[in-house]
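Here's a sequence, model it:
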Amino acid sequence: MALLWPFATAAAAINLFLLGLIGLSIGLPAMQPVTALWLALPLGLPATWLAARWVAGLIAEAERA
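Prediction:
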């Protein structure tokens, strides 16, 4: 799970930044990339946990087949 954390956190940061860009269309201020990175740090742990469960499920399914 520790190996997945940087990737899940980076994915969360990218998604937050893109969400900030979408917010521009409704009049919200732009989100700075550094802000997206800081906000992604606490979101990286649940994202990592979900990704690890998903991968474990895929491995279990592959072993059954």
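
remind me which residues of the chain are low pLDDT?
Residue ranges of the chain with pLDDT under 70: none are present.

Grab the most central residue of it for me.
Taking Cα atoms, centre = their mean, the centroid of the chain lies closest to residue 12, which sits 2.6 Å from it.

give me every residue that touches that one.
Contacts for residue 12 (Cβ atoms under 8 Å, 6 or more residues apart in numbering) come out as 40, 43-44, 47. For every residue, glycine as well, the C-beta is placed using N, CA and C.

buried residues in the helix or strand harbouring residue 54?
Taking DSSP states H and E as the criterion, residue 54 maps to helix 33-64. By 16 or more other Cβ atoms under 10 Å, the buried positions in helix 33-64 come out as 36-37, 39-40, 43-44, 47-48, 51-52.

just stretch 5-25 next, same as before
Burial within stretch 5-25, assessed by neighbour count using 16+ other Cβ under 10 Å, is assigned to 5, 8-9, 11-13, 16-17, 20.

on that earlier part again, can you redo the contacts of residue 12 as CSV, where the extra columns are distance to residue 59?
Shown next, in CSV, are the contacts of residue 12 (distance: Cβ to Cβ, whole Å):
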residue, distance to residue 59
40, 26
43, 25
44, 22
47, 19
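
Go through those and say which is closest to residue 65.
residue 47 (27.3 Å; Cβ to Cβ).

For residue 25, see how far away that closest one is.
As judged by Cβ to Cβ, to the nearest Å, residue 47 and residue 25 stand 25 Å apart.
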